[in-house]
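In: sequence first, then the predicted structure, then my questions.
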Amino acid sequence: MKYLIDVCRRWWSIMKYPKSIPLVTIIMVFILLDYGMAKLYWKHLSSIPYYFAVNTRRDDMHFHHTLRENIDTVDRWGMSIYPLKTNSLGFRDSDVRVVQKTANKKRILFIGDSFTEGLGLPFEKTFVGIVSDRLRPNNIEVLNAGVMSYSPKLYHYKLKYLLDTAKVQMNTVVVMIDMSDMQDEIAYKEYAPGTQNLFRSLEQIIKRYAVRNSVIGNMVFRAAYTLSERYDKHAAIPGGKATGTQKDYASLEEYTYERSAWYSARNYDAWGREGSELAKYHLSELVKLCKTHGAEVVLAVYPWPRQIDENDAENRHVLYWREFARAHNVGFINLFALFMPSDPDTVIEQYYIHDDIHFNEAGHMLVAQSLLKWYSTHAR
């Protein structure tokens, strides 16, 4: 009502310019109709699977970006619409709930990128969700701190915030190291906690207002999201640019292919060496941080479809992180061999989302079973 009164007041203020009345009247009526329709259909718009207004992610001053806390909505990955719930820490979870800082049970925290977040599937079908469900009867709580486009630098900063600032207790930290982590390390090279992008923050404020108060604004931002963020060849790094070779790729497929091979002869000298050294430094800091808080650290590595095509279970990625784990006296889980006992095309079709790099339901189950088997023999 206040908005309507303000509009009417402005309209009367221009009555002294008769020639402008028709145009201004049309504009005012148009704005009122747009605003009214947005309010009238807001519940309908926000219920459409992954309409832009869902707004599931946000920037964070401590560790760059994160999922929003306490949301119960839907998300979309490719052609998949799936439920997305988060707890009070902004972690994917089976339900919206408050996570206590301390617990009277053992607590395992997984951290990683989109594979660990579990894009495309309900939480209970992801490997973290399956492990959580299987260990719950043993009085063990499993948390998922993984978020799309994380890397060792953000793993470290997020754990530093959780352990030092939020004072969240955890007994075991499982770091799921992704093939793309080395390129992402270069992308986040200049990032430091506390730095804020004023333009990006202002953009988000305008966007949130527009999608809630304007049908047109909602449609515009939804279209922009679809065209530039989801399908952009540089979309794997929020707010950033593809890095490493610092070139434009001919296609999303080429970009994805290159990201998964930091260790190849062509990429190692260009950006793989620098990315892996940055990753090693930040994971070293993460290990020291966790040991200071009495938390055990376990590293896990897993393949993308490219590595399955190469049928190489002992590539530089595996050897590099196995040696890191040995040097830092932390656990190590190699999941590469799980995916390489038979024909590569058959394995990729069976365990990965079609035309994607991420695990499907069967892939998540395979990983979960291996993690549970490892934990049953190495738990302390």
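Out: Structure received.
In: okay, CA-based contacts and neighbour counts for the rest of this
Out: OK.
In: which of the residues in the helix or strand containing Y35 are buried?
Out: Assigned by DSSP states H and E, Y35 falls within helix 21-40. Neighbour-count burial for helix 21-40, counted by 16 or more other Cα atoms under 10 Å, picks out M28, L32, D34, Y35, A38, K39.
In: any chance of a markdown table for these, columns pLDDT and distance to Y375?
Out: Listed next are the buried residues of helix 21-40 as a markdown table, based on pLDDT from 0 to 100; distance: Cα to Cα, whole Å:
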| residue | pLDDT | distance to Y375 |
| --- | --- | --- |
| M28 | 75 | 64 |
| L32 | 78 | 60 |
| D34 | 76 | 56 |
| Y35 | 76 | 55 |
| A38 | 71 | 51 |
| K39 | 69 | 51 |
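In: one step back: what's the helix holding Y35 packed up against?
Out: Counting contacts by 3 or more Cα pairs under 8 Å, 6 or more residues apart in numbering; DSSP states H and E, helix 21-40 packs against helix 2-13, helix 198-213, helix 215-224.
In: least reliable of the ones you listed going by mean pLDDT?
Out: Here the lowest mean pLDDT among those goes to helix 2-13, at a mean of 60.
In: could the buried residues of helix 21-40 go into TSV alongside distance to E69?
Out: Below are these laid out as TSV (distance: Cα to Cα, whole Å):
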residue	distance to E69
M28	37
L32	33
D34	30
Y35	28
A38	25
K39	25
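In: which one of those is nearest V215?
Out: A38 (5.1 Å; Cα to Cα).
In: that closest one and N213 touch, don't they?
Out: Yes. With contact defined as Cα atoms under 8 Å, A38 reaches N213; the gap is 5.4 Å.
In: next structured bit after the helix-or-strand element of the chain with minimal mean pLDDT?
Out: Ranked by mean pLDDT, DSSP states H and E, the weakest helix or strand in the chain is helix 42-47, scoring a mean of 56. Elements were assigned by DSSP H and E; along the chain past helix 42-47, the next helix or strand is strand 57-60.
In: contacts only, for the residue positioned nearest the centre of the chain.
Out: Most central in the chain under Cα atoms, centre = their mean is M148, positioned 1.8 Å from the mean C-alpha point. Contacts for M148 (Cα atoms under 8 Å, 6 or more residues apart in numbering) come out as G112, D113, S114, F115, E117, A236.
In: okay, and the fourth one sits in which element?
Out: If you go by DSSP H and E, F115 is part of helix 114-117.
In: buried residues, the next helix or strand after that helix. List them.
Out: Per DSSP H and E, the first helix or strand lying C-terminal to helix 114-117 is helix 127-135. For helix 127-135, a neighbour-count test (16+ other Cα under 10 Å) marks F127, V128, G129, I130, V131, S132, D133 as buried.
In: ditto for stretch 285-300
Out: For stretch 285-300, a neighbour-count test (16+ other Cα under 10 Å) marks E285, L286, V287, L289, C290, A295, E296, V297, V298, L299, A300 as buried.
In: same check on stretch 320-329?
Out: W321, R322, F324, A325.
In: in strands only, show me those.
Out: Using DSSP state E, no member of the buried residues of stretch 320-329 falls in strands.
In: in the stretch 251-380 of the chain, which spans are helices?
Out: 252-259, 265-267, 273-292, 305-310, 316-327, 344-351, 361-378 (DSSP state H, counting those that start in this stretch).
In: among those, which is nearest L154?
Out: helix 273-292 (8.5 Å).
In: tell me which other helices or strands the closest one touches.
Out: Helices and strands touching helix 273-292, by 3+ Cα pairs under 8 Å, 6+ apart, are helix 152-160, helix 181-187, strand 296-301.
In: relative to the last one, what are the paired strands and their orientations?
Out: Yep, that's strand 296-301 we're talking about. strand 172-177 (parallel), strand 331-334 (parallel) (DSSP bridges).
In: could you export the first one as CSV, CA atoms only?
Out: So the one you mean is strand 172-177. Listed next in CSV are the C-alpha coordinates belonging to strand 172-177 (Å, rounded to 0.1, in the frame of the first residue of the first chain):
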residue,chain,number,x,y,z
THR,A,172,37.8,-36.9,11.2
VAL,A,173,38.1,-34.7,8.1
VAL,A,174,38.0,-36.5,4.7
VAL,A,175,39.3,-34.3,1.9
MET,A,176,38.0,-35.4,-1.5
ILE,A,177,40.7,-34.0,-3.9
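In: could we number from 639 for the rest of this?
Out: With 639 as the first residue, the last one maps to strand 810-815.
In: now it: buried residues?
Out: T810, V811, V812, V813, M814, I815.
In: returning to what we had before: looking at the helices of the stretch 889-1018 of the chain, which is nearest to A975?
Out: helix 943-948 (9.4 Å).
In: check the offset of that closest one from the chain's centre.
Out: Here the centre of helix 943-948 is set off from its chain's centre by 23 Å, with Cα atoms, centre = their mean, to the nearest Å.
In: any idea of the mean pLDDT for it?
Out: Here the average pLDDT along helix 943-948 is 91.
In: any idea which of the buried residues of strand 810-815 is closest to N742?
Out: Closest to N742, out of all of the buried residues of strand 810-815 and judged by Cα to Cα, is T810, at 14.5 Å.
In: could you dump the strands paired with strand 934-939 into TSV with mean pLDDT and distance to A1000 added?
Out: As requested, the strands paired with strand 934-939 are exported to TSV (pLDDT from 0 to 100; distance: least, Cα to Cα, whole Å):
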stretch	mean pLDDT	distance to A1000
strand 810-815	98	18
strand 969-972	97	18
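In: need the ones you listed in CSV (columns: distance to L705).
Out: Below are the strands paired with strand 934-939 laid out as CSV (distance: least, Cα to Cα, whole Å):
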stretch, distance to L705
strand 810-815, 18
strand 969-972, 27
